[in-house]
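**Q** Here is a sequence with its predicted model. Questions after.
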Protein chains: 2
Amino acid sequence: MKKLNVITSNQGKYEEYKDMLADSFSVSMKKVHYHEIQTDRLKDVVVHALDDLVDHAPLIIDDSGLFIDALNDFPGVYSAYVMRTLGCGGILKLLEGEKDRGARFECMIGLLEEDKKIFKGVCKGSISHEIRGEHGFGYDPIFVPSGYDITFAEMKTDQKNELSHRGKAMKQLLEYTLS
Amino acid sequence: MKKLNVITSNQGKYEEYKDMLADSFSVSMKKVHYHEIQTDRLKDVVVHALDDLVDHAPLIIDDSGLFIDALNDFPGVYSAYVMRTLGCGGILKLLEGEKDRGARFECMIGLLEEDKKIFKGVCKGSISHEIRGEHGFGYDPIFVPSGYDITFAEMKTDQKNELSHRGKAMKQLLEYTLS
């Protein structure tokens, strides 16, 4: 089975990847330090990081973010930092009294084999009024995907992967690598 | 008079530098794109950026941030991004009902002549309960320096430069370059 290194220090992310990739790849989690540049675009972060990581190929990295309409796409590319400092509670506070609760998760996966390739997945939804659910990680307890009334954190991993930003990007990656 | 390029796209910042440097240097504003890395430390941003900018020496760059105690130092290194998305209003909302309003501004100036040198200035203070004043830029209308009861934005440039994070870092730079 083909090997693939998942470059991340986020255990929750790795678990999702393992679930999605286990049938097709022999995956390992690798914690490698690389520079993420400051930019408002996820794609720039991923493309720039791939250049730092050639020694670890074949590999995937991703950058994901939550983009909230009423907050000018905050926290966006800086979602991980905002989670560490403000958490889900901070986001709910910023949206107090706000009628427009629209948001989207975006995921950009960078694949580095012989070539670089980027896959993008988007999941539209809204921000809940309170923290709900125990599964997942990050902003999952406050994100309700469109067409549902439960948060990502109230879904089992399989259900979330089916419709999530990361699942959608991964589906494209699998179609590409297995075709 | 010695030349010095101020690398910034922030007009307000440049004006402050011009005020402080005009007696000692012939300063020009230069807008140059350079990569800022994602890190929680201002110093890493500045050191990394200096490596990108050798062609433009002699030069100074800075990175500044507002670090709020009750928000785990948010917005910190990402202060510019948070200003663009949430603004001063977002910060006040995050601190609603919060008793601890302690905060500090930090400024890290990188000087590149033959050598690299870093100068750090810190200004302690607190976050006001409302937006006040018309001077300055960024978070100045909500930052009250320790020992005062007016915000940076209610001070004239001279008074602000005397006690600000940027002014303090600049004082060290001047002592260094003129000694």
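**A** Everything's here; your move.
**Q** What's the local residue count around residue A:51?
**A** Residues within reach of residue A:51, counting by other Cβ atoms under 10 Å in any protein chain shown, total 11. All C-beta atoms are positioned from the backbone trio N, CA, C, and that covers glycine.
**Q** Against residue A:110, how distant is it?
**A** Distance of residue A:51 to residue A:110, given as Cβ to Cβ, to the nearest Å: 10 Å.
**Q** what pLDDT does the nearest residue to residue A:81 once chain neighbours are set aside get?
**A** Spatially, and ignoring its direct neighbours in sequence, residue A:81 is nearest to residue B:78 (6.2 Å; Cβ to Cβ, 6 or more residues apart in numbering or on different chains). Residue B:78 carries a pLDDT value of 93.
**Q** again, but for residue A:37
**A** pLDDT, the model's per-residue confidence, is 79 for residue A:37.
**Q** What of residue A:89?
**A** With respect to pLDDT, residue A:89 scores 97.
**Q** any idea which element residue A:107 lies in?
**A** Taking DSSP states H and E as the definition, residue A:107 sits inside strand A:102-112.
**Q** Around residue A:2, count how many other residues there are.
**A** Neighbour count of residue A:2, defined by other Cβ under 10 Å: 12.
**Q** typed the wrong thing, it's residue A:52
**A** 15.
**Q** residues contacting residue A:124?
**A** Counting by Cβ atoms under 8 Å, 6 or more residues apart in numbering or on different chains, residue A:124 touches A:102-104, A:145-146.
**Q** what does chain A have sitting close to chain B?
**A** Within chain A, the positions lying close to chain B (Cβ under 8 Å from any Cβ of the partner chain) are A:35-38, A:40, A:45, A:48, A:71-74, A:76, A:78, A:81-82, A:84-86, A:90, A:93-94, A:96.
**Q** which SS class is residue A:92?
**A** helix (DSSP: H, G, I helix; E, B strand; the rest coil).
**Q** Would you quantify the distance from the residue nearest to it when sequence neighbours are not counted to chain B?
**A** Excluding the flanking residues, the one nearest residue A:92 by Cβ to Cβ, 6+ apart is residue A:142, at 6.5 Å. Distance, residue A:142 to chain B, by Cβ to the nearest Cβ, to the nearest Å: 15 Å.
**Q** picking up where we left off before, list the buried residues for the strand holding residue A:107?
**A** For strand A:102-112, a neighbour-count test (16 or more other Cβ atoms under 10 Å in any protein chain shown) marks A:103-112 as buried.
**Q** State the paired neighbours of that strand in the sheet, together with their directions.
**A** Under the criterion DSSP bridges, strand A:102-112 sits next to strand A:59-68 (antiparallel), strand A:116-127 (antiparallel) in its sheet.
**Q** got JSON lines for the buried residues of strand A:102-112, with pLDDT too?
**A** Formatted as JSON lines, the buried residues of strand A:102-112 follow (pLDDT from 0 to 100):
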{"residue": "A:103", "pLDDT": "98"}
{"residue": "A:104", "pLDDT": "98"}
{"residue": "A:105", "pLDDT": "97"}
{"residue": "A:106", "pLDDT": "97"}
{"residue": "A:107", "pLDDT": "96"}
{"residue": "A:108", "pLDDT": "95"}
{"residue": "A:109", "pLDDT": "95"}
{"residue": "A:110", "pLDDT": "95"}
{"residue": "A:111", "pLDDT": "95"}
{"residue": "A:112", "pLDDT": "94"}
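**Q** No more questions from me, cheers.
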